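K.L.:
I'll drop the sequence and a predicted model, then ask my questions.
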Amino acid sequence: MATKSDFTADEWKTLLESPLLAGFAVSAADPSGFFGTIKEGWASAKELAAARTSASDELIKAVAEDLLTADGRSAAREGVHGLFQGGKLPDLKVKALAELKRAKELLDAKAPADAAAFKAWLAHIAQLVAEAAAEGGFLGFGGVQVSDKEKATLAEINTTLGV
């Protein structure tokens with residue numbers, strides 16, 4: 001089982017950013033408006049908090065624990081912010097997918113015993129974000145739970161991660 005000490009600081013930052021990017025890719029694919037965005041962010045945050053205590057994989061727990069510290073959050077946010085600064089939504093999704101591919105390759109190379117569980121966790125976060133807010137409704141009524149654009153992005157994430 002891999003631990004934080006098995007990764008360089010830059011590699012660890014890539015792993016810290018990956019749960020945020022998994023959710024962000026879905027949000028960027030089909031923006032949900034103000035309240036939908038809050039619901040999507042909350043879905044991701046709840047999963048991170050739950051993983052800290054209930055994940056069966058130690059690497060997932062370590063990333064979740066680090067993301068719930070001020071330093072971990074700051075490092076992940078700075079990385080994501082730098083990646084997306086000045087971009088438009090379609091470009092942001094593409095950049096998020098490219099970074100998820102980097103995380104996948106890193107996991108496959110340096111944490112093969114943890115890779116499958118970690119990649120499945122990232123796909124799970126993306127699914128939770130997609131299901132967090134209905135799309136196409138009015139004031140929370142109507143619409144569909146997961147839009148076609150979100151479904152397509154979930155498929156892209158799964159393909160990128162190899163799950």
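P.N.:
Perfect, I can see it now.

K.L.:
Could I get the buried residue list for stretch 105-124?
P.N.:
Residues L106, L107, A111, D114, A115, A116, A117, F118, K119, W121, L122, A123 are the ones in stretch 105-124 that count as buried (16 or more other C-beta atoms under 10 Å). C-betas here are computed from N, CA, C, even on glycine.

K.L.:
Which residue ranges of this structure form strands?
P.N.:
With DSSP state E as the criterion, the chain has no strands.

K.L.:
any idea which of the buried residues of stretch 105-124 is the one closest to K13?
P.N.:
Of all those, L106 has the smallest distance to K13: 10.6 Å, by C-beta to C-beta.

K.L.:
which residues touch the closest one?
P.N.:
Contacts for L106 (C-beta atoms under 8 Å, 6 or more residues apart in numbering) come out as F7, E11, T14, L15.

K.L.:
Any stretches of this protein with poor pLDDT?
P.N.:
87-90, 136-142 (pLDDT under 70).

K.L.:
Could you rerun that using 90?
P.N.:
Confidence mapping of the chain against pLDDT under 90 gives the ranges 1, 27-42, 44-45, 48-49, 52-56, 73, 77-92, 132-145, 147.

K.L.:
Let's have the buried residues of stretch 105-124 in a markdown table, adding distance to G143.
P.N.:
Formatted as a markdown table, the buried residues of stretch 105-124 follow (distance: C-beta to C-beta, whole Å):
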| residue | distance to G143 |
| --- | --- |
| L106 | 37 |
| L107 | 35 |
| A111 | 39 |
| D114 | 37 |
| A115 | 36 |
| A116 | 34 |
| A117 | 33 |
| F118 | 32 |
| K119 | 30 |
| W121 | 27 |
| L122 | 26 |
| A123 | 23 |
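
K.L.:
Alright, I will stop here.
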